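> dropping a prediction and its sequence here:
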Amino acid sequence: MSVNETISSAAEQHEASVPVQDVVTEKKREDMPVQEGKTVGLPYADDPKFKLRNVEVFYGEDRAIKDISLDIARNEVISFIGPSGCGKSTFLRCLNRMNDSIDICRVKGQLMLDDEDIYHSRRDVVELRARVGMVFQKPNPFPKSIYDNVAYGPRIHGLANRKSDLDDIVENSLRKAGLWDEVKDRLDATATGMSGGQQQRLCIARAIAVSPEVILMDEPCSALDPIATAKVEELISEMSESYTIVIVTHSMQQAARVSHRTAYFHLGHLVEVNETSKVFTAPEHELTESYITGRFG
Amino acid sequence: MTDQRSQAELVRQSLKRRYRKERRFRLYGIVAISIALASLFILFADIIGKGHSGFVKTTITLDVTLDSEIMYLDDPTDKDQISMADFVAPIVAALQDHFPDAEGRAARRELGRLVGSYAASDIRDLIEANPDLLNTTQTIEFLAHDTVSVYVKHADDPGYSIRLSEQQQMWVDELLEKGVINTSFNDVLFSRGDSREPGNAGILGAIVGSLFTMLVTLAISFPVGIAAAVYLEEFAPQNRLTDFIEVNINNLAAVPSIIFGLLGLAVFIGLFGMPRSVPVVGGLVLALMTLPTIIISSRAAIKSVPPSIREAAEGIGASKMQVVLHHVVPLAMPGMLTGSIIGMAQALGETAPLLLIGMVAFIVDVPDGFFSSATVLPVQIYLWASSSEQGFVELASAGIMVLLAFMISMNALAIWLRKRLERRW
């Protein structure tokens, strides 16, 4: 099924069945059946980009991710959804070891990128992050010029030897991010003067500039207005041809619009992974259904 | 309905009380600021009132005939003759031209005391440098004697006592009228070192001494302070040892400065055998004193760099060091600079530790290096303020004004740098 078909069917379903209230207490959530290490749906793929097995993440004594196994296929867009605090961002950050800077954070289990262990003791984080780029919730351009923002990654990785090469990389990245026409006349202008949507697309261009294989997006549209959001989503759909994209989102419509598969997280468990259309039309798990129908969130 | 009305009434009453409270609160603030401003104003008025005359020098311009006969000097190249010659005689003779009535030893002595005690050596230096000038008439400007200077500048001020005889006062009045005695801008103050005679004392030695000392302080405390702050903030593991270090840095910032002086005396002079009263030792001591200030303010500046910038750089694959050097330190630099300059301004005004390492000595020569004896501005002010000669009172105040000018310009520099380097995100 194509992404576009998914969009229409899921959106209709979604609009039809969203009750407004119904906040479920913690007590009730615990009552719901969720079995550790057991994920319904289609968590595995042939020849995956990421092969993640029995992943557990601890913050000190606190077990934030509980025995999750998942494959992420090549050139797929997968979205992680779930209520706040369910561990989807934590899990996302394991994929390029952004959790490393948190002292109390420990990651267990097997995390493989193209059959190489992400958390191997001799693994170079810099190389990993050059392959697995990241876009953050809040647009966070460097307080430098637009050009320097995009050129920073290629510069530190030594991707361009000549100025003209660097110019090409910058132009290509900005074109891919759909920003070139808007900024080509003011590449020297400071990036912090742009609108929020432009800043976020610049951050995407910055991530693309080092030609990563995977782009992780942590709620990339939560700080943007609807028009800017639409642009970013369009961009994600275009990029899915050449990149593997993992996107964490709070907006189920967004998940429905952009992703091939959707994974539902609940209190550190991975409850269900399925094709996006399936998740939003006929969820297999009771908890998924409760969430997408808005019974908690 | 009645209930509602009475409630509205209650609210209105409480509103009145609230407004009164707010007015009172604002008043407290205004009073506090007024007190602060008033004290500042009084301080400045007092210093400027006392010190402005320090920027004025009194001079006597005379046509001096360098007569070899009255100086007992035939050959200016002969060292023996120079050391025996009488260089006061031509000055007295020149003054006698103005007052032909002044005859006799006593009168001659009183006339001679109108010019400063360095007038004779001025003539000696002149003749030694230019032997051809012997037996010619030269127009020379001499610094007036301290007592004359006080009389000219402060005749009406009851705070000063006039130590001139009636006769001398009449002479000075007449010379003032003739334009022989003049007052002009005190360039001596900015071109010489200290002196026993107020008219001849300058602050240049102290300024240069302060400059050398501050250079040493800056060269040590700025890089060390910033390196320590960056390490503690970015690289150090969170454990007991770093907590302990942190607490002790904060404690060091509160240690009285005289303790640092004792430390400098014991370690740099006692243990390492460095010389006393030199800018290097002073600079080292002040660097130790300034370090905690710089570390604390630099850490605050680093902390204020938003984590999103770090994440952005890490997300692209910048290594820890690249994150720190390319992003965190440049963004924290305005704050670090501000903290450092304020720390330096503090060090510039510091006196106590320098007294202990011997920078309080009477030093006439302008220091010419990091290892030559020197004094610094605040110590020079202290020396002049505790001096008994009347002329030093105004010099001390003038010195304070110079010191304040330096501090204000340093703080202005800090503000300018912060405004200039500040970036928004």
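In hand now; what should we look at?
> alpha carbons only for contacts and neighbour counts from here, please
Will do.
> and the residue of chain B found nearest chain A, how many residues sit next to it?
Closest approach between chain B and chain A, counting by Cα to the nearest Cα: residue B:317, at 4.6 Å. By the criterion of other Cα atoms under 10 Å in any protein chain shown, residue B:317 has 28 neighbours.
> what do you get for residue B:212?
Per other Cα under 10 Å, the neighbour tally for residue B:212 reads 24.
> residue contacts, it?
Contact analysis of residue B:212 by Cα atoms under 8 Å, 6 or more residues apart in numbering or on different chains lists B:279-280, B:283, B:369-370.
> check which helix or strand it maps to.
Per DSSP states H and E, residue B:212 falls inside helix B:204-230.
> show the subsequent helix or strand relative to that helix.
Next helix or strand after helix B:204-230 toward the C-terminus (DSSP H and E): helix B:240-253.
> and residue B:343, what does it touch?
Taking Cα under 8 Å, 6+ apart, we find residue B:343 in contact with B:290, B:293-294.
> so which of the residues you listed wins on neighbours?
residue B:294 (31 neighbours).
> please pull up the helix or strand immediately following the helix or strand that it is a member of.
In the assignment (DSSP H and E), residue B:294 maps to helix B:279-303. With elements assigned by DSSP H and E, the helix or strand that comes after helix B:279-303 is helix B:307-316.
> show residues contacting that next one.
Here helix B:307-316 makes contact (Cα under 8 Å, 6+ apart) with A:98, A:129-130, A:133-136, A:138, A:140-142, A:153, A:206-207, A:210, B:320, B:323, B:327-328.
> that helix: which residues count as buried?
B:308-316 (16 or more other Cα atoms under 10 Å in any protein chain shown).
> the helices in the stretch 151-297 of chain A, which residues?
Counting by DSSP state H, counting those that start in this stretch, the stretch 151-297 of chain A has helices at residues A:163-176, A:180-183, A:196-208, A:226-239, A:252-258, A:276-281, A:286-292.
> who's in contact with residue B:48?
Taking Cα under 8 Å, 6+ apart, we find residue B:48 in contact with B:397-398, B:401.
> quick check: the gap between the spatially most central residue of chain A and residue B:222.
Closest to where the C-alpha atoms of chain A average out (Cα atoms, centre = their mean) is residue A:247, at 2.1 Å. Applying Cα to Cα, to the nearest Å, the value for residue A:247 to residue B:222 is 45 Å.
> repeat that for residue A:200.
According to Cα to Cα, residue A:200 and residue B:222 sit 37 Å apart.
> and the two? Which one has more around it.
Using other Cα under 10 Å, the more surrounded residue of residue A:200 and residue B:222 is residue A:200, with 27 against 24.
> please tell me how far that one sits from residue A:212.
17 Å.
> next: residue B:215.
Residue B:215 is 48 Å from residue A:212, by Cα to Cα.
> what mean pLDDT does the longest helix seen in chain B have?
Criterion DSSP state H: the longest helix present in chain B is helix B:2-51. Across helix B:2-51, pLDDT averages out at 91.
> moving C-terminal of it, what's the next helix or strand?
Using DSSP H and E, the helix or strand that follows helix B:2-51 towards the C-terminus is strand B:56-65.
> which other helices and strands does the helix or strand following that next one contact?
Next in sequence after strand B:56-65, counting helices and strands by DSSP H and E, comes helix B:68-71. For helix B:68-71, the packing partners by 3 or more Cα pairs under 8 Å, 6 or more residues apart in numbering or on different chains; DSSP states H and E come out as helix B:88-98.
> not counting its own residues, what contacts the helix it packs on?
Applying Cα under 8 Å, 6+ apart, the contact partners of helix B:88-98 are B:62-67, B:70-71, B:102, B:108, B:111-112, B:119-120.
> run the last query once more with 7 Å
Residues from elsewhere that reach helix B:88-98 (Cα atoms under 7 Å, 6 or more residues apart in numbering or on different chains): B:62-67, B:70-71, B:102, B:108, B:111-112, B:120.
> for that helix, buried residues please.
So, applying 16+ other Cα under 10 Å, buried residues of helix B:88-98: B:88-96.
> how about those residues in a markdown table, adding pLDDT?
Compiled in a markdown table, the buried residues of helix B:88-98 are given as follows (pLDDT from 0 to 100):
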| residue | pLDDT |
| --- | --- |
| B:88 | 87 |
| B:89 | 88 |
| B:90 | 89 |
| B:91 | 90 |
| B:92 | 89 |
| B:93 | 88 |
| B:94 | 90 |
| B:95 | 89 |
| B:96 | 88 |
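> and which of the residues you listed is nearest to residue B:378?
residue B:88 (36.0 Å; Cα to Cα).
> distance of that closest one from residue A:179?
Using Cα to Cα, residue B:88 is found at 88 Å from residue A:179.
> ok, now which ones touch the residue of chain B closest to chain A?
By Cα under 7 Å, 6+ apart, the contact list for residue B:317 reads A:126-127, A:129-130.
> repeat the analysis, applying 8 Å as the threshold.
Listed by Cα under 8 Å, 6+ apart, the contact partners of residue B:317 are A:125-130, A:133, A:153.
> residue boundaries of the helices in the stretch 1-150 of chain A?
With DSSP H, counting those that start in this stretch, the ranges of helices along the stretch 1-150 of chain A come out as A:3-16, A:26-31, A:88-94, A:125-131, A:146-157.
> follow-up on the earlier one: in the buried residues of helix B:88-98, find the pair that's most separated.
The largest separation in the buried residues of helix B:88-98, counting by Cα to Cα, is between B:88 and B:96 at 12.3 Å.
> dump stretch A:98-110 to CSV, restricted to CA.
Extracted in CSV, the C-alpha atoms of stretch A:98-110 (Å, rounded to 0.1, in the frame of the first residue of the first chain):
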residue,chain,number,x,y,z
MET,A,98,22.6,10.7,21.8
ASN,A,99,21.9,9.3,25.2
ASP,A,100,25.6,9.0,25.8
SER,A,101,25.9,12.5,27.3
ILE,A,102,23.5,11.6,30.1
ASP,A,103,25.7,10.1,32.8
ILE,A,104,23.0,7.9,34.5
CYS,A,105,21.7,6.4,31.3
ARG,A,106,22.6,2.8,30.5
VAL,A,107,21.6,0.8,27.4
LYS,A,108,21.4,-3.0,27.3
GLY,A,109,20.6,-5.4,24.5
GLN,A,110,21.6,-5.7,20.9
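> phi, psi for residue B:103 please.
Dihedral pair for residue B:103: phi -110, psi 160, per degrees, to the nearest 10.
> tally of neighbours for it?
10.
> tell me where chain B is predicted with low confidence.
When residues are selected by pLDDT under 70, those of chain B lie in B:1-2, B:423-425.
> can I see the domain layout of it?
Per automatic domain parsing, the domain ranges recorded for chain B read B:56-185, B:204-421.
> on that earlier part again, of the helices of the stretch 151-297 of chain A, which is nearest chain B?
Counting by Cα to the nearest Cα, chain B lies closest to helix A:196-208 out of these; the figure is 6.3 Å.
> in chain A, where is pLDDT below threshold?
Checking chain A against pLDDT under 70 turns up A:1-34, A:37, A:296-297.
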